[in-house]
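Chemist: below: sequence and its predicted model.
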Protein chains: 2
Amino acid sequence: MSHMDYARLMAVDRDHVLRSAAALLTRKSTATMDEVAKSAGISRATLHRQFAGRDALVRALEALGIAECEAALDAARPDEGPASDAVRRLVRELESAAALLAFLYTENQLFEGGAQNPGWTRIDERVADLFKRGQAAGEFRIDLTPAWLTEALYGLLGSGAWAVSEGRVASRDFTFMITELLLGGALRHPARPREES
Amino acid sequence: MSHMDYARLMAVDRDHVLRSAAALLTRKSTATMDEVAKSAGISRATLHRQFAGRDALVRALEALGIAECEAALDAARPDEGPASDAVRRLVRELESAAALLAFLYTENQLFEGGAQNPGWTRIDERVADLFKRGQAAGEFRIDLTPAWLTEALYGLLGSGAWAVSEGRVASRDFTFMITELLLGGALRHPARPREES
DNA sequence: CCGTAATGAGACAAAAATGTCTCACATGGA
DNA sequence: TCCATGTGAGACATTTTTGTCTCATTACGG
């Protein structure tokens, strides 16, 4: 096995371990390293070889979450076309990372040591900028701040991921539910064609 | 000190401890009993006298959360007047319990032992019934299920509590932000008087 | 002033989790 | 086949957390 192949395989395993860990820790935040290892189908020794400890594991999860958010933002082209369409694209791109984000969102341990990872700041900015753009274009209402809309998006992503995992809503409705509630709200709006009977 | 007075004072202390614990555990889900005790300003011994262990503490938090939700639902009179007004009342009543709910919402450890507390089922039903009523009255759109609206409400409550605690939004805007986003969404709706310039 | 009762501080052992190590085994390339 | 490398299983000591205990102190009512 060459060095390159070795590095690639390690990366694949590492990603799988991280996703399993995220899925488990989202359900049980106090899970032990042994439980994390078992959930990923590996031994505690191997887990410990890849991540020095629980802290390193959480940091790696954070890095993965940041990377996925950045990738989703890039793929969603937040600066193109109507802001509402960009929001829809963004939610769709974030769907696969929603469970991971739900975990990281509640893992405030992350910036306990002073300041949070600057990656989140940047992501928050990019999302908030999208809402700002929508407000400037007259698409979005201006009495809800971009910061709040950003937080609300995170919260709804978490709720959506949770609702899907609990079987309360169908998986394929994920994007629809979140974007429709975030953009249109629960009220009927007769003036909008979408809600016309 | 009479028995009655004693019982009353214990209840007060107990409530304070529970709220401190909720505030801490929301920020750091892996906090130890010692940290919980310190955050409540009591010794570990006293904490252990009131709650046999970590599990008992979490159960007590759950019971408190259920009681607060039931009380909020009662106070909000979900069956009176327009459903949207009832939602506003409900969010306002739930504000003080939002941090606690945010913790319990992510503490899936609660129904790990088989089934979740029936109290939550009942609360979910009451909230969902409110949204159903709004749909039946033509107030709410019918393409978002009551179950999803209920989950979304929980998620937004959590995001709101978080945003306020982080200073991202003003505390007095809590109810407004949540109800406006939940009911009206981010889009401008020219037909609605509220958004007319 | 005197008891009652709860508390805080701390000692202590038991339990749980962690970090580190060895070793046998399997896998895949040379 | 032989070797290199990663892995799982498990032993082991260390650390952390927990549960239980005692005892001095404080607060409050009689």
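Modeler: The structure has been received and is ready for your questions.
Chemist: what does stretch A:181-192 contact?
Modeler: Outside stretch A:181-192, the residues that touch it by Cβ atoms under 8 Å, 6 or more residues apart in numbering or on different chains are A:84, A:87-88, A:91, A:149, A:152-153, A:156, A:194-196, B:84, B:87, B:131, B:134, B:138-141, B:144, B:148-149, B:152, B:180-187, B:189-192. (C-beta placed from N, C-alpha, C; glycine too.)
Chemist: among those, which ones are buried?
Modeler: Neighbour counting by 16 or more other Cβ atoms under 10 Å in any protein chain shown classes A:84, A:87-88, A:91, A:149, A:152-153, A:156, B:84, B:87, B:131, B:134, B:139-141, B:144, B:148-149, B:152, B:180-187, B:189 among the contacts of stretch A:181-192 as buried.
Chemist: what about DNA strand D: which of those residues touch it?
Modeler: Restricting the buried ones among the contacts of stretch A:181-192 to those touching DNA strand D (Cβ under 7 Å from any atom of the strand) yields no residues.
Chemist: return the subset of the residues you listed lying in strands.
Modeler: Among the buried ones among the contacts of stretch A:181-192, none falls in strands (DSSP state E).
Chemist: if you average pLDDT over the helix or strand that contains residue A:35, what comes out?
Modeler: Applying DSSP states H and E as the criterion places residue A:35 in helix A:33-40. When the per-residue pLDDT values of helix A:33-40 are averaged, the result is 95.
Chemist: pLDDT weak spots in chain A?
Modeler: Applying pLDDT under 70 to chain A flags the ranges A:1-12, A:109-110, A:112-114, A:190-197.
Chemist: and the residue in it positioned nearest to DNA strand D, what element?
Modeler: For chain A, the nearest residue to DNA strand D under the criterion Cβ to the nearest atom of the strand is residue A:46, separated by 3.0 Å. Assigned by DSSP H and E, residue A:46 belongs to helix A:44-50.
Chemist: for the residue in chain A positioned nearest to DNA strand C, which non-adjacent residue is spatially closest?
Modeler: Residue nearest to DNA strand C within chain A: residue A:53 (2.8 Å; Cβ to the nearest atom of the strand). If the residues on either side of it in the chain are set aside, residue A:53 comes closest to residue A:33, at 7.6 Å by Cβ to Cβ, 6 or more residues apart in numbering or on different chains.
Chemist: residue A:95 too?
Modeler: The spatial neighbour of residue A:95 that comes closest, neighbours along the chain excluded (Cβ to Cβ, 6+ apart), is residue A:174 at 5.4 Å.
Chemist: tell me the domain ranges of chain A?
Modeler: A:1-51, A:63-195 (automatic domain parsing).
Chemist: okay, the ones you listed in TSV with distance to DNA strand C next?
Modeler: Converted to TSV, those look like this (distance: least, Cβ to the nearest atom of the strand, whole Å):
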stretch	distance to DNA strand C
domain A:1-51	3
domain A:63-195	13
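Chemist: just those domains: most buried one?
Modeler: Scoring the domains of chain A by mean neighbour count under mean count of other Cβ atoms under 10 Å in any protein chain shown gives domain A:63-195 as the most buried, with a mean of 19.
Chemist: is residue A:120 in a helix, a strand, or coil?
Modeler: The local conformation at residue A:120, judged by DSSP: H, G, I helix; E, B strand; the rest coil, is helix.
Chemist: my guess is it meets residue A:66, correct?
Modeler: Yes: counting by Cβ atoms under 8 Å, residue A:120 sits close enough to residue A:66 to count as a contact (6.7 Å).
Chemist: show me where chain A has helices.
Modeler: Taking DSSP state H to define them, one finds helices in chain A at A:3-27, A:33-40, A:44-50, A:54-76, A:83-94, A:98-106, A:118-136, A:146-165, A:174-184.
Chemist: quick one: which of the ones you listed is nearest residue B:166?
Modeler: Minimum separation from residue B:166 across the helices of chain A (Cβ to Cβ) falls at helix A:146-165, 8.5 Å.
Chemist: and the closest one, what does it pack against?
Modeler: Using 3 or more Cβ pairs under 8 Å, 6 or more residues apart in numbering or on different chains; DSSP states H and E as the contact definition, the elements that helix A:146-165 packs against are helix A:83-94, helix A:98-106, helix A:118-136, helix A:174-184, helix B:146-165, helix B:174-184.
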